[in-house]
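J.: Could you work out the structure for the sequence below:
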Amino acid sequence: MKRLRLSRMAETDLRDIWTCSANRRGCPQANSYLGTLRTAITGLRDDTTPSRPAGDVPPACRKVSVGRHLVFFRVGDDAVEVLRVLHQRRDAGRWVEGRNAPIVKGHCFFLPGYSYSTPPHTP
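T.: Residues are numbered from 1 along each chain as shown. All right, here's what the predicted structure looks like:
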């Protein structure tokens, strides 16, 4: 099974999504939505989440739609690298990092079986 890595920007995206959801719809809804994102992201590693080429973003980048967000990622020989988690209305070509994007190895945000690079947000 491939490892799963999240870029620092993807971690920040997930924190921002949770905060925005909690402010608009409350903590239970934010937790539920983050759980949906977590399931989809974990499925990328297990190859159970359907995806498609991302098109106008870095080469070999793929994307998957989850709710109102798009998860942009690359599949390497030994790992799946999540680059960004962006709202569907954002200009992905402008916001997704290039092919040499720094990846935080071994640290993921809110994914089971991994250490956290930042603690879960508690309002």
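J.: rest of the way, CA atoms for contacts and neighbours
T.: Fine.
J.: give me the low-pLDDT residue ranges for the protein?
T.: Per-residue confidence for the chain (pLDDT under 70) gives these ranges: 48-50, 52-59, 89-123.
J.: ok, longest strand in it?
T.: Counting residues, the longest strand in the chain under DSSP state E turns out to be strand 79-87.
J.: Export that one to CSV, keeping only CA atoms.
T.: The C-alpha trace of strand 79-87 is given here as CSV (Å, rounded to 0.1, in the frame of the first residue of the first chain):
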residue,chain,number,x,y,z
ALA,A,79,3.2,7.5,-2.2
VAL,A,80,0.2,9.6,-3.0
GLU,A,81,0.9,13.3,-2.5
VAL,A,82,-2.0,15.6,-1.8
LEU,A,83,-1.1,19.1,-3.0
ARG,A,84,-4.2,21.2,-2.3
VAL,A,85,-7.8,21.0,-1.3
LEU,A,86,-9.6,23.9,-3.0
HIS,A,87,-13.1,25.2,-3.3
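J.: My reading is that residue 20 is in a helix; is that accurate?
T.: Yes. When the secondary structure is assigned by DSSP: H, G, I helix; E, B strand; the rest coil, residue 20 falls within a helix.
J.: Report how many residues lie close to it.
T.: 14 (other Cα atoms under 10 Å).
J.: and the longest strand of the chain, which strands flank it?
T.: Taking DSSP bridges as the criterion, strand 79-87 pairs within the sheet with strand 3-6 (parallel), strand 69-75 (antiparallel).
J.: Save those strands as JSON lines, and put in mean neighbour count and distance to residue 20 too.
T.: As requested, these are exported to JSON lines (neighbours: other Cα atoms under 10 Å; distance: least, Cα to Cα, whole Å):
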{"stretch": "strand 3-6", "mean neighbour count": "22", "distance to residue 20": "20"}
{"stretch": "strand 69-75", "mean neighbour count": "22", "distance to residue 20": "13"}
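J.: So which elements touch the longest helix anywhere in the chain?
T.: Ordering each helix of the chain by length in residues (DSSP state H) puts helix 27-46 first. With contacts defined as 3 or more Cα pairs under 8 Å, 6 or more residues apart in numbering; DSSP states H and E, helix 27-46 has these neighbours: strand 3-6, helix 8-25, strand 61-66, strand 79-87.
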